[in-house]
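> With the input below, show me the fold.
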Amino acid sequence: MASILIVDDDPHIRDFIRDVLEYDGHEVSEAEDGGIALQHMRGHRPDLVLLDLNMPVIDGWTFLEQCCGEPGCRGVPVVIMSAVARQPGRPTLPSRITHFLNKPFELVDLQRTVNELVPAADDA
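Numbers count the residues shown, from 1 in each chain. Prediction:
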């Protein structure tokens with residue numbers, strides 16, 4: 001069973017993704033902004049982070065910048081879930097971002113991406 005952290009300010013998106021991933025056999029945690037996600041990662045290192053970029057308080061861009069200095073973040077794959085891949089004044093996505101799900105994305109694309117990066121409970 002893989003541990004997955006969903007970071008998105010929209011509770012409906014978090015709930016939907018949680019239901020899908022738990023059905024697929026994963027352990028799922030949630031955070032509504034990057035600050036809460038960083039706190040979570042200090043206490044529990046996930047196997048994968050699903051990250052929205054546009055959020056209040058601490059956005060996904062800031063989370064990525066701050067995560068680089070956190071021991072609990074190093075080596076954790078991050079999948080971006082966003083309608084916007086670039087913002088003026090922001091750098092391109094870090095090289096460790098290997099997957100991008102353009103919102104709105106298809107359920108099958110989410111599942112395929114997660115399965116490429118972490119094993120399901122049946123595979124573990």
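> Work out the gap between the longest helix along the chain and the centre of the chain.
Scanning the chain for the helix with the most residues, using DSSP state H, yields helix 11-23. In terms of C-alpha atoms, centre = their mean, to the nearest Å, the gap separating the centre of helix 11-23 from the centre of its chain is 12 Å.
> Tell me the helices and strands packed up against that helix.
Packed against helix 11-23 by the contact rule (3 or more C-beta pairs under 8 Å, 6 or more residues apart in numbering; DSSP states H and E) you find strand 3-7, strand 27-31, helix 107-117. C-beta: built from backbone N, CA, C; applies to glycine.
> Of those, which shows the lowest average pLDDT?
Here the lowest mean pLDDT among those goes to helix 107-117, at a mean of 94.
> Now find how far off-centre that helix is within its chain.
12 Å.
> What is the neighbour count of residue 34?
The burial metric for residue 34, expressed as a neighbour count using other C-beta atoms under 10 Å, is 26.
> now the one 3 residues further on
Using other C-beta under 10 Å, residue 37 has 27 other residues around it.
> Just the element for the residue nearest in space to the middle of the chain, please.
With distances taken as C-alpha atoms, centre = their mean, the residue of the chain nearest its centroid is residue 50 (1.4 Å). When elements are defined using DSSP states H and E, residue 50 is found to belong to strand 48-51.
> So which residues make contact with that strand?
In this structure, residues lying in contact with strand 48-51 by C-beta atoms under 8 Å, 6 or more residues apart in numbering are 2-8, 17, 37, 41, 60, 63-64, 76-81, 101, 114, 117-118.
> Would you give the sheet partners of that strand, along with the direction of each?
Strands that pair with strand 48-51, judged by DSSP bridges, come out as strand 3-7 (parallel), strand 78-82 (parallel).
> then the last one to CSV, C-alphas only?
Output in CSV follows, covering the C-alpha atoms of strand 78-82 (Å, rounded to 0.1, in the frame of the first residue of the first chain):
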residue,chain,number,x,y,z
VAL,A,78,5.4,15.1,-7.0
VAL,A,79,2.7,15.1,-9.6
ILE,A,80,1.3,18.5,-10.5
MET,A,81,-2.5,18.8,-10.9
SER,A,82,-3.3,22.2,-12.4
